[in-house]
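Chemist: need the 3D shape of this:
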Amino acid sequence: MIQFYVKANDQFLDAVCNEVKQFCDSMQMKYAISTFQDDITLQEQCSLLFYELKDKKDISLLENVKYQNEHTEIILMYPDHTYVYDGYALHALGYIDYSNLSEDFQKLYPVLKKVITMAQSMYHYHSGFLNFDIHPMHVLYMESYRHDIYLHTKKMQLKIRGSLRNYVIDHEYLKLIQVHKSYIVNFAYVKEIAGNELILEQNIHIPIGEKYRDTINEAMKAAMK
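Modeler: This is a model prediction of the structure:
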């Protein structure tokens, strides 16, 4: 079951919930919808949070939500355009303008379907004698060293066997971009390009290989559309 949370003003709350219901009915899926409270603890499995951004203080709150709940994806909603630019720092799954609610929601259908499909197929990794389930969208970056791959999420590091190149091919439906012969990054978590480095969330610095610059520039252009 997929859990949806909604934080919206009273004028639009019912309308947003109705859009969520229509989407879920079209997917013929099990779901639950709850009103989001700022102090709520989200469940561990995949959650989708539709949040009305109306104050700069909401940015830090949502950053904490993302850090504490790796399986939560955020869709930002705007009553006006005051904080649109600030919201980009959150790398939200999508954006909804209240003045164009139904049309903007319909445009999100493909990406919502993709996230839900991926949430229902967690990846199983072996590291030593331990097994881990990781949502592929929550991989921050991977680095290769000799015959091992070190896979990094926001909260852990795993050493797994394999080829970095094969991992890119197997997971190319994600925003996983090779940026150096030894590094792949999830471009959804890139905050900026600084000289010969990419700066990821949590102030992680990843070197850029010269032959990968064109790929990185194209990915950056696509992310800004």
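Chemist: okay but Ile204 is in contact with Tyr141, surely?
Modeler: Yes: counting by C-beta atoms under 8 Å, Ile204 touches Tyr141, with 7.0 Å between them. Backbone N, C-alpha and C define where each C-beta goes, glycine included.
Chemist: between these two, which one's more packed in?
Modeler: Remark: of Ile204 and Tyr141, Tyr141 carries more neighbours, 22 against 17, as counted by other C-beta atoms under 10 Å.
Chemist: now stretch 154-165: average pLDDT?
Modeler: Taken as a whole, stretch 154-165 has a mean pLDDT of 77.
Chemist: now the helices for this structure?
Modeler: Counting by DSSP state H, the chain has helices at residues 10-27, 57-68, 84-87, 101-119, 164-170, 213-224.
Chemist: now render those helices as a markdown table, adding distance to Lys155 and mean neighbour count.
Modeler: Formatted as a markdown table, those follow (distance: least, C-beta to C-beta, whole Å; neighbours: other C-beta atoms under 10 Å):
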| stretch | distance to Lys155 | mean neighbour count |
| --- | --- | --- |
| helix 10-27 | 28 | 15 |
| helix 57-68 | 9 | 14 |
| helix 84-87 | 24 | 14 |
| helix 101-119 | 18 | 15 |
| helix 164-170 | 20 | 14 |
| helix 213-224 | 24 | 12 |
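Chemist: out of those helices, which gets the lowest mean score?
Modeler: Across those, helix 164-170 has the smallest mean pLDDT, namely a mean of 63.
Chemist: Phe53 contacts Met77, doesn't it?
Modeler: No, residue 53 isn't Phe; it's Leu. Yes: using C-beta under 8 Å, Leu53 is in contact with Met77, at 6.9 Å.
Chemist: who has more neighbours, the two?
Modeler: Legend: neighbour count by other C-beta under 10 Å for Leu53 and Met77, higher for Met77 (25 against 22).
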